[in-house]
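Q: Need the 3D shape of this:
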Amino acid sequence: MRQSARKYATWLWLLLGLFCLRVIGQMMVAFWSVQFLPPMKEWQSGLLPYPVLLICQFLIIALYCKIALDFTHQSGYFVLPSARLGRGLLIFGGIYLGGMIARYIIRMAWYPDQRWFGGIIPIFFHWILASFILLVGTYHRRQTD
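A: Model prediction:
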């Protein structure tokens, strides 16, 4: 288990770091109106008001940090092999990633003038969050098979 958890920790920290860069970038646009990053409308879909979204993002970062720390220290709830947790994470992560892939395809169909990269910042970072979930699920699945 130890070697396996250590390998996963590196990837979990990388995915978490990418998500943190997204949150920082969006904060820079929202609070300091930096010009070298895309405008605010590119950073979110508008389903949640930005203050609520920011709180949710901080909660995600805190949870993902705890998970990555468990993998780094090779101890804690999230690194103890669990077939049930692995199965649940793989199902949820697969649905989540599939939904975001569908969202991308639909967006590209509805806005052909924005292909391939218009409005995809939120979608891309949902892929990162889903990948984190799938990676943790894969770890648990492999540990319990």
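
Q: how long is stretch 32-46 from one end to the other?
A: For stretch 32-46, the first-to-last residue distance is 19 Å (Cα to Cα, to the nearest Å).

Q: again with stretch 33-43
A: For stretch 33-43, the end-to-end distance is 13 Å (Cα to Cα).

Q: start at 232 instead
A: Let's use 232 as the start, then, which means that last one is stretch 264-274.

Q: in it, what counts as buried?
A: 268, 274 (16 or more other Cβ atoms under 10 Å). All C-beta atoms are positioned from the backbone trio N, CA, C, and that covers glycine.

Q: residues of stretch 313-325 that come out buried?
A: Burial within stretch 313-325, assessed by neighbour count using 16+ other Cβ under 10 Å, is assigned to 313, 316-317, 320-321, 324.

Q: Stretch 362-372 too?
A: With the criterion 16+ other Cβ under 10 Å, stretch 362-372 contains buried residues 362-368, 370-372.

Q: picking that back up, please list the members of the buried residues of stretch 313-325 that lie in strands.
A: Among the buried residues of stretch 313-325, no member is found in strands (DSSP state E).
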